[in-house]
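Novice: Got a predicted structure here, sequence first:
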Amino acid sequence: MRLTILGGGGFRVPLVYGALLGDRAEGRVTHVTLHDLDGGRLSAIARVLADQAEGVPDAPAVTATTDLDEALRGADFVFSAIRVGGLDGRAADERIALAEGVLGQETVGAGGIAYGLRTVPVALHVARRIAELAPESWVINFTNPAGLVTEAMSRVLGDRVIGICDSPVGLGRRVARLLDADPDEAWIDYVGLNHLGWLRGLRVDGKDRLPELLADEEALGSFEEGRLFGPEWLRSLGAVPNEYLHYYYFNREAVHAYRSAERTRGAYLRDQQGSFYRDMGKPDTPALTAWRRTLADREATYMAANREAAGTGERDEQDLESGGYEKVALALMRAVSRDERTTLILNVRNGSTLSVLDADAVIEVPCLVDANGAHPVSTAPLPQHAVGLVTAVKAVEREVLAAVDSGSRATAVKAFALHPLVDSVAVARRLVEGYAAVHPGLDWLRS
């Protein structure tokens, strides 16, 4: 089986390859093609993968190319993990938003809209090339904003594109661990959009165990989301929010922390990964060691500004365990290619799952996965407080798609202005001007 990774020079690609090395089952991936526009980054990551494969019998072969069409031909699966504008673009997204006093995070608020506006046109181009050159392939989207980009690509590829994120899986595992439950056996009732969802229940043998956790003050304060949001707020919601909802529920504090930080997250990663790739330009740099060291620092500093705003201190060692997006991707590939039926929390088209959204809206919910793809599981209606956020943010995503379709600057302004975390139409207009001035990827916006 052949896998193509778009954004193959990206820093997290070795996580995916590591998961592939551990898969010895029949029908496993035997060839990986890395595609990236930056040949230097491709070379660096290829060296890391070569170190990972050393001593592993029958490790998947790896080739690298900067030619998109060459990369897509013959692919059975395509991972889309591109970053349009690179980390320089992410740092600019954050800086411009924070100068206006609003959030610049890459998937939430103004920063997420800016990132989406320049990523969707590229994602649509990629989807059209896949439809032309590898129409039978399955596309697994890692590219952020994951829900928005998956919905854009689904307009070309239909249900053959599936978005993944490790945040819901990591949350479910942390809650299950606190309840002494096996996360692989528990049913995780999770619902929402990407980076905008709630864990509403965790059922074991038909019994919802979440009320036990919500009643336990000590346990609620012992894991990442409990410390971020506080036990009282979790009990008020009757659910455990995805960590990204901290940007909504504690927006003022988050913006203050981001503005007070020495560097934004994007600037930090730009500098950190820039150092890694520069070191990898030296032939004597131990590739895998350098990558592992950089990864450990990256994970330890994840959402540091939010933890500062919440006063939670450093991350607990157990909280460093994410859902493992590479493990989610591997489980998804196995289910589809081998009909190994499983349940995963994925980004897929809604159908009739959530009545407050139309059938084509991409949502993030538990799905049954088999050889025919991912099928969202029926779920209880959203509580009213969640309906407001979900429908408002989905409306923003639709305006982003409409702006890309039309090239309209006015529609782009509308996308910013409608977002719950942008507090003024005047601010929205200045944001569009600011982003258009620095991002070549927004040249398509008409005045």
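Specialist: All right, it came through fine.
Novice: can you tell me the helix or strand for the residue of the chain most remote from its centre?
Specialist: Taking CA atoms, centre = their mean, the residue of the chain most remote from its mean C-alpha position is Asp284, at 33.3 Å. Using DSSP states H and E, Asp284 sits in no helix or strand.
Novice: ok, now which ones touch it?
Specialist: By CB atoms under 8 Å, 6 or more residues apart in numbering, Asp284 lies in contact with nothing. All C-beta spots, glycine's among them, are computed from the backbone N, C-alpha and C.
Novice: Pull up the gap between it and Ala290, please.
Specialist: 11 Å (CB to CB, to the nearest Å).
Novice: Could you do Ala296 as well?
Specialist: Taken as CB to CB, the span from Ala296 to Ala290 is 11 Å.
Novice: Just confirm Ala415 contacts Lys394, I think it does.
Specialist: No: if you go by CB atoms under 8 Å, Ala415 and Lys394 don't touch, sitting 11.7 Å apart.
Novice: For the two, work out which one has more neighbours and name it.
Specialist: Between Ala415 and Lys394, counting by other CB atoms under 10 Å, Ala415 is the more crowded of the two (27 against 23).
Novice: looking at this, that one is in a strand?
Specialist: No: under DSSP: H, G, I helix; E, B strand; the rest coil, Ala415 falls outside any strand and is assigned helix.
Novice: before we move on, back to that, which one of Ala296 and Ala290 has more residues nearby?
Specialist: Neighbours were counted for Ala296 and for Ala290 using other CB under 10 Å; Ala290 has more, 20 against 11.
Novice: list the contacts for the more buried one?
Specialist: Here Ala290 is in contact with 276, 279-280 (CB under 8 Å, 6+ apart).
Novice: How many neighbouring residues does Ala44 have?
Specialist: Residues near Ala44, counting by other CB under 10 Å: 23.
Novice: still on that earlier bit, the contacts of Ala290 in helices, which ones?
Specialist: Counting by DSSP state H, the part of the contacts of Ala290 found in helices is 276, 279-280.
Novice: now, which of the residues you listed sits nearest Glu262?
Specialist: Of all those, the one with the least separation from Glu262 (CB to CB) is Phe276, at 19.7 Å.
Novice: what ranges do the strands span in this structure?
Specialist: Here the chain has its strands, by DSSP state E, at 2-6, 31-35, 61-65, 77-80, 138-141, 161-163, 187-193, 196-204, 207-208, 240-241, 342-349, 362-370, 373-376.
Novice: Out of the ones you listed, the one nearest Gln52 is which?
Specialist: Taking the strands of the chain one by one with CB to CB, strand 61-65 is closest: 9.7 Å.
Novice: Low-confidence regions, this protein specifically.
Specialist: 302-323, 447 (pLDDT under 70).
Novice: Identify the single longest helix in it, thanks.
Specialist: helix 109-133.
Novice: Show me what counts as buried in that one.
Specialist: 109-124, 126-127, 129-131, 133 (16 or more other CB atoms under 10 Å).
Novice: Can you get me a residue count around Glu225?
Specialist: Neighbour count of Glu225, defined by other CB under 10 Å: 21.
Novice: From what I see, it and Leu245 are in contact.
Specialist: No: the pair Glu225 / Leu245 is not scored as a contact, 9.1 Å apart, by CB under 8 Å.
Novice: can you list the strands of the chain in a markdown table and add mean neighbour count?
Specialist: Below are those laid out as a markdown table (neighbours: other CB atoms under 10 Å):
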| stretch | mean neighbour count |
| --- | --- |
| strand 2-6 | 25 |
| strand 31-35 | 23 |
| strand 61-65 | 17 |
| strand 77-80 | 26 |
| strand 138-141 | 26 |
| strand 161-163 | 28 |
| strand 187-193 | 23 |
| strand 196-204 | 21 |
| strand 207-208 | 12 |
| strand 240-241 | 24 |
| strand 342-349 | 22 |
| strand 362-370 | 23 |
| strand 373-376 | 20 |
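Novice: got TSV for those strands, with distance to Ala437 too?
Specialist: Output for the strands of the chain, formatted as TSV (distance: least, CB to CB, whole Å):
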stretch	distance to Ala437
strand 2-6	28
strand 31-35	30
strand 61-65	33
strand 77-80	28
strand 138-141	29
strand 161-163	30
strand 187-193	29
strand 196-204	29
strand 207-208	51
strand 240-241	35
strand 342-349	32
strand 362-370	30
strand 373-376	40
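Novice: right, so of these, which gets closest to Leu220?
Specialist: strand 240-241 (8.9 Å).
Novice: who does the closest one pair up with?
Specialist: strand 196-204 (antiparallel) (DSSP bridges).
Novice: which residues touch the strand it pairs with?
Specialist: 168, 171-172, 175-176, 179, 181-182, 185-192, 208-210, 213, 237-242, 244-245, 248, 364, 380, 386, 389-390, 393.
Novice: among these, which ones are buried?
Specialist: Using 16+ other CB under 10 Å, the buried ones in the contacts of strand 196-204 are 168, 171-172, 175-176, 179, 181, 186-192, 209-210, 213, 237, 239-242, 244-245, 248, 364, 386, 389-390, 393.
Novice: Looking at those residues, which are in helices?
Specialist: For the buried ones among the contacts of strand 196-204, secondary structure assignment (DSSP H) places 168, 171-172, 175-176, 210, 213, 237, 248, 386, 389-390, 393 in helices.
Novice: Of the contacts of Ala290, which is the nearest to Ala71?
Specialist: The closest of the contacts of Ala290, once distances to Ala71 are taken by CB to CB, is Met280, at 21.2 Å.
Novice: Let me know how buried the closest one is, in neighbour terms.
Specialist: Met280: 20 neighbours (other CB under 10 Å).
Novice: Verify the stated contact: it with Asp38.
Specialist: No: at 12.0 Å, Met280 does not count as touching Asp38 under the criterion of CB under 8 Å.
Novice: how about Ala359, what does it touch?
Specialist: 349-352.
Novice: I only care about those residues that end up buried; give me the PyMOL line for that.
Specialist: This is how PyMOL selects the buried members of those, with burial counted by 16+ other CB under 10 Å:
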select buried, resi 349+350+351
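Novice: Would you format the contacts of Ala359 as CSV with distance to Tyr325 included?
Specialist: Formatted as CSV, the contacts of Ala359 follow (distance: CB to CB, whole Å):
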residue, distance to Tyr325
Arg349, 20
Asn350, 22
Gly351, 24
Ser352, 28
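Novice: Max pairwise distance over the contacts of Ala359: which two?
Specialist: Arg349 and Ser352 (10.5 Å).
Novice: ok so, going back, could you point out which of the contacts of Ala290 is nearest to Val161?
Specialist: Phe276 (30.0 Å).
Novice: Chain neighbours aside, what residue packs nearest to that closest one?
Specialist: Leaving aside its sequence neighbours, Phe276 sits nearest to Thr294 (CB to CB, 6 or more residues apart in numbering; 4.6 Å).
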